[in-house]
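Engineer: Predicted structure and sequence below. I'll ask about it afterward.
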Amino acid sequence: MLEILMAGGWALAPILVCSAVALAIILERFWSLRYKAVVPPELGEQVRTWARTRKLDPAHIDTLAKNSPLGELLAAALNVRNRPRDIIKERIEDTGRHLVHRLERFLNTLGTIALISPLLGLLGTVIGLIRMFLAVMVHGIGDAQQMAGGIGEALVCTALGLVVAVPAYVFHRFFRSRVAGLVVQMEKEATALLDELAAQTDPAGAAANVRVVR
């Protein structure tokens with residue numbers, strides 16, 4: 001394996017750096033985007049019960065905000081629970097935009113790696129071919145070793161560029177899909193809490209769903 005990497009030449013170095021960064025991002029996002037860490041089960045129902053029984057105080061809300069992204073979103077609503085429904089809804093949506101940005105952390109970098117890795121592989125391919133043609137010019141077509149070195153460098157760089165790009169692209173799409181699912185779940189819980197808070201101040205108020213902009 002080491003011999004294959006050595007055959008790729010110096011052009012392989014940026015591809016290896018991209019692979020290390022992509023692996024770190026994938027592992028970090030798998031840990032950070034766990035459903036239990038972002039949208040803890042039963043948290044929404046628990047917070048609605050607190051709101052219904054009015055067992056809320058500033059320390060309680062601060063602890064909720066530190067619990068998870070969903071807890072932070074619900075805490076934002078509880079901080080303005082005595083304001084009109086439109087104000088509460090606006091606060092939830094503003095907080096939601098910041099949370100979505102946090103959930104999508106590093107995903108643009110992962111997408112960039114998926115895009116540039118094949119280009120880096122292509123660069124290595126071109127460099128390898130140039131080396132091969134220069135070897136032909138200097139030594140003629142009879143020096144098979146020089147030609148094989150250039151061709152080997154070209155093929156290794158192309159292959160490694162694709163090996164890095166394909167998983168990076170797959171996981172980029174996977175994490176984007178997971179973020180979208182998490183956001184939908186948080187919107188659902190936020191809307192349910194908004195309805196609960198509105199029912200306490202205006203039982204006849206009309207329902208309005210919360211929309212977190214992505």
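Structural biologist: That came in fine, so what should we check first? Everything numeric here is computed off the predicted structure, so don't read it as measured data.
Engineer: Need the pLDDT of residue 84.
Structural biologist: pLDDT recorded at residue 84 is 85.
Engineer: Please report the distance of it from residue 90.
Structural biologist: According to CB to CB, to the nearest Å, residue 84 and residue 90 sit 10 Å apart. (Each C-beta comes from the backbone N, C-alpha and C, glycine too.)
Engineer: same check, this time on residue 110
Structural biologist: 32 Å.
Engineer: mind listing the helices for this protein?
Structural biologist: Under the criterion DSSP state H, the chain contains helices at 2-7, 12-32, 35-38, 43-53, 58-65, 69-79, 85-103, 107-139, 144-201.
Engineer: Pick the most buried one from those helices.
Structural biologist: Mean neighbours per residue, mean count of other CB atoms under 10 Å, is largest over these for helix 69-79, with a mean of 23.
Engineer: Run the chain-centre distance for that one.
Structural biologist: 22 Å (CA atoms, centre = their mean, to the nearest Å).
Engineer: Which strands or helices does that helix pack on?
Structural biologist: Packing partners of helix 69-79 (3 or more CB pairs under 8 Å, 6 or more residues apart in numbering; DSSP states H and E): helix 43-53, helix 58-65, helix 85-103, helix 144-201.
Engineer: What angle do helix 144-201 and it make with each other?
Structural biologist: Here helix 69-79 points in a direction 30 degrees away from that of helix 144-201 (axes from the mean of the first three to the mean of the last three CA atoms, to 10 degrees).
Engineer: ok, and what's touching helix 69-79?
Structural biologist: With contact meaning CB atoms under 8 Å, 6 or more residues apart in numbering, helix 69-79 is reached by 38-40, 43-44, 47, 51, 56, 61-62, 64-66, 88, 91-92, 94-96, 99, 102-103, 182, 185-186, 189-190, 193-194, 197.
Engineer: quick one, that helix and helix 85-103 angle?
Structural biologist: 160 degrees.
Engineer: pLDDT averaged over helix 69-79 - what is it?
Structural biologist: In this model, helix 69-79 carries a mean pLDDT of 92.
Engineer: again, but for stretch 193-210
Structural biologist: Taken as a whole, stretch 193-210 has a mean pLDDT of 67.
Engineer: now swap in stretch 168-177 and tell me
Structural biologist: Averaged across stretch 168-177, the pLDDT comes to 96.
Engineer: Which residues does that stretch contact?
Structural biologist: 18, 22, 26, 29, 33, 104, 107, 110, 111, 113, 114, 117.
Engineer: please redo it, this time with the cut-off set to 10 Å
Structural biologist: Stretch 168-177 is touched from outside by 18-19, 21-23, 25-26, 29-30, 32-33, 103-104, 106-118, 214, with contacts defined as CB atoms under 10 Å, 6 or more residues apart in numbering.
Engineer: Stretch 118-125 now?
Structural biologist: With CB under 10 Å, 6+ apart as the test, stretch 118-125 has contacts from 8-18, 113, 116, 151, 153-166, 169.
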